[in-house]
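[1] Got a sequence here, can you build the structure:
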Amino acid sequence: MDIQTLFNWLLEQQLLLSIMLGGFIVCERFSLRLLGPCFVYKLVWLIPASLLATNLPSSIKPLQNSAISHYLITPNQSLINNLSLNWAVLYVLVTLLLLTIAFIVHTRFIKNLQINYLIDSEHAITSHIKTYTSNHIASPMVVGIFQSKLILPSNYKSQFDKATLALILEHESVHIKRKDNLINALLLLATILLWFNPLAWMAYASCRRLQELTCDERVLANKTTHQHILYSRALVNCAATTPTGLMAYSHYGDKKTMLQRLTNIKHSGNRSRFAKGGLLLVAASMLSTLAIAKQPQVEGAKSDHISPIIRIEPRYPAQAAKQGISGSVVLKYDIAANGRTKNISVIQSRPSDVFDKSAKEALAKWEYKMSEAGFDDVLVQLDFAINSEVAHTDLIERIKVSH
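    Below you'll find the model as predicted:
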């Protein structure tokens, strides 16, 4: 699958992704008291689930004498193709740039920490975790994507009393056990791949906030009121000291995030089971609808034509355009189970050999939805016209390829 195909597929998913991302952001912003952070955090899985549901392979019967869409090819088509390819190349360049920036930010941040290994038997909670200290941070944090390291500020003993430090270390331990840094790296990668969609960046920020809120809830479960107060004070002391942006490492967040965390601690308690059940019912119904929409029509239903999901337009031969020549080409081809075209051959062309090569090269790049067995002996007619007013007769079975 080439860059153009991947870029076109990604663009086709944007409406669905925007709806799902927008819904997730709304839940994070306005439904935490009703649903709870843990429940909302898990809703992020609906986004890849919706993509999977809409892209499931379909079992469609081979086309038999069905009408095929009509398109038209004109000399301006090559310019449109070049513009489309240019957008795909621009997307790849920006994506690579953002990935490079993220990598540099992470490596430079780790280098600047200047960490020192800590041996402290007093804190049993970190006995199984490699713990370090640094003079360049003011709050504890976990670094490392695959091998987690706990970094404490060098003055952690004077900054936190033993009871508060135990709660803070428990918080970081939750991050490590859940492998939150690895999750964050995957979320950041997905966000960078969708860099042109602002909702993706907003959803990423929502995920990071929910991650901290869910950690807070797990740490404070079955804790006393006094421990809640100690923990809240520790959060205030740690606020706004760790860099954000293109960072995958767990941190305490900015002042706005800290305020949200303190509010959630204050209002923690039982959430609405009715609201959770209703939302899950709506989500299940939506995913079922998306999946069913991709299923083949039942036998006896009205037959429709097969439409390509990726259609690369043929180039209008420069010599033919210069001489004002129009014409048509009838092609026979097979569609593989993966949706790619194969075994392309010219059945008839008028005038002969003028548009054959251009038509075959374009058709080789078309893609259809995946199916169980594919399709054999599909016929298509491509009409090349100097302008849209040029009429063509059907040579066998006709497709007009239009702009």
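[2] all strands for the protein, in order.
    With DSSP state E as the criterion, the chain has strands at 116-117, 131-134, 141-143, 149-153, 327-335, 341-350, 375-384.
[3] Make CSV out of those strands and add mean pLDDT, mean neighbour count and distance to residue 19.
    Backbone N, C-alpha and C define where each C-beta goes, glycine included. Compiled in CSV, the strands of the chain are given as follows (pLDDT from 0 to 100; neighbours: other CB atoms under 10 Å; distance: least, CB to CB, whole Å):
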stretch, mean pLDDT, mean neighbour count, distance to residue 19
strand 116-117, 84, 10, 48
strand 131-134, 87, 18, 43
strand 141-143, 87, 23, 33
strand 149-153, 87, 23, 39
strand 327-335, 89, 22, 30
strand 341-350, 90, 15, 31
strand 375-384, 86, 21, 32
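[4] And the residue nearest to residue 146 when sequence neighbours are not counted, how close does it get to residue 172?
    Nearest residue to residue 146 in three dimensions, chain neighbours excluded: residue 182, at 6.7 Å (CB to CB, 6 or more residues apart in numbering). Distance, residue 182 to residue 172, using CB to CB, to the nearest Å: 15 Å.
[5] Settle it for me: which of the two has more neighbours?
    Remark: of residue 182 and residue 172, residue 172 carries more neighbours, 24 against 14, as counted by other CB atoms under 10 Å.
[6] Go ahead and confirm that one touches residue 141.
    Yes: here residue 172 lies in contact with residue 141, judged by CB atoms under 8 Å, at a distance of 7.4 Å.
[7] Point out the one among the strands of the chain that comes closest to residue 310.
    Between residue 310 and these, the tightest spacing by CB to CB is seen for strand 341-350, at 10.1 Å.
[8] got a list of contacts for that closest one?
    327-336, 355-356, 359-360, 363-368, 379, 395-396 (CB atoms under 8 Å, 6 or more residues apart in numbering).
[9] Give the pairing partners of it; include direction for each.
    strand 327-335 (antiparallel) (DSSP bridges).
[10] tell me the angle of the strand it pairs with relative to strand 375-384?
    Computed by axes from the mean of the first three to the mean of the last three CA atoms, to 10 degrees, the angle separating strand 327-335 from strand 375-384 equals 160 degrees.
[11] Alpha carbons only: can I get strand 327-335 in PDB?
    Taking C-alpha atoms only, strand 327-335 is exported to PDB below (Å, rounded to 0.1, in the frame of the first residue of the first chain):
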ATOM      1  CA  GLY A 327     -11.700   7.900 -26.900                       C
ATOM      2  CA  SER A 328     -12.600   5.000 -24.700                       C
ATOM      3  CA  VAL A 329     -11.000   1.900 -23.300                       C
ATOM      4  CA  VAL A 330     -12.700  -1.300 -22.000                       C
ATOM      5  CA  LEU A 331     -10.700  -3.200 -19.400                       C
ATOM      6  CA  LYS A 332     -11.300  -6.600 -17.800                       C
ATOM      7  CA  TYR A 333      -9.700  -7.300 -14.400                       C
ATOM      8  CA  ASP A 334     -10.000  -9.300 -11.200                       C
ATOM      9  CA  ILE A 335     -10.400  -8.000  -7.700                       C
END
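[12] the inter-axis angle of the biggest helix by length in the chain versus strand 375-384?
    Longest helix in the chain, counting residues (DSSP state H): helix 77-113. Taking the same axes, to 10 degrees, helix 77-113 and strand 375-384 form an angle of 110 degrees between their directions.
[13] Averaged pLDDT, helix 77-113. What do you get?
    The average pLDDT for helix 77-113 rounds to 81.
[14] From the contact counts, what lies against it?
    The contact analysis (3 or more CB pairs under 8 Å, 6 or more residues apart in numbering; DSSP states H and E) places helix 77-113 against helix 3-12, helix 180-193.
[15] neighbouring contacts of the shortest one?
    Contacts made with helix 3-12 from outside it, assessed by CB under 8 Å, 6+ apart, are listed as 84-85, 87-89, 91-92, 193-194, 309-310, 312, 365, 367.
[16] Over to the last one?
    Residues from elsewhere that reach helix 180-193, judged by CB under 8 Å, 6+ apart: 10, 95, 98-99, 102, 142-146, 148, 175, 200-201, 203-204, 207-208, 211, 215, 246, 248-250.
[17] Mark which of those residues are buried, thanks.
    10, 95, 98-99, 102, 142-144, 148, 175, 200, 203-204, 207-208, 211, 215, 246, 248-250 (16 or more other CB atoms under 10 Å).
[18] contacting residues for residue 339?
    Neighbour list for residue 339: 309, 367-371 [criterion: CB under 8 Å, 6+ apart].
[19] Name the nearest residue to it, ignoring sequence neighbours.
    Nearest-residue entry for residue 339: residue 368, 4.3 Å, with adjacent residues in sequence omitted and distances by CB to CB, 6+ apart.
[20] Confirm for me that that neighbour is in contact with residue 308.
    Yes: counting by CB under 8 Å, residue 308 is a contact partner of residue 368 at 5.4 Å.
[21] isn't residue 40 right up against residue 28?
    Yes: the criterion here is CB under 8 Å, and residue 40 meets it with residue 28 at 5.6 Å.
[22] circling back to that earlier point, of residue 368 and residue 308, which one has the most company?
    Using other CB under 10 Å, the more surrounded residue of residue 368 and residue 308 is residue 368, with 22 against 18.
[23] Ramachandran coordinates for that one?
    Note on residue 368: its backbone torsions stand at phi -120, psi 170 [degrees, to the nearest 10].
[24] Distance check, it against residue 223.
    Where residue 223 is concerned, residue 368 sits at a distance of 57 Å (CB to CB).
[25] cool, residue 333 as well?
    Noted for residue 333: a distance of 67 Å to residue 223, by CB to CB.
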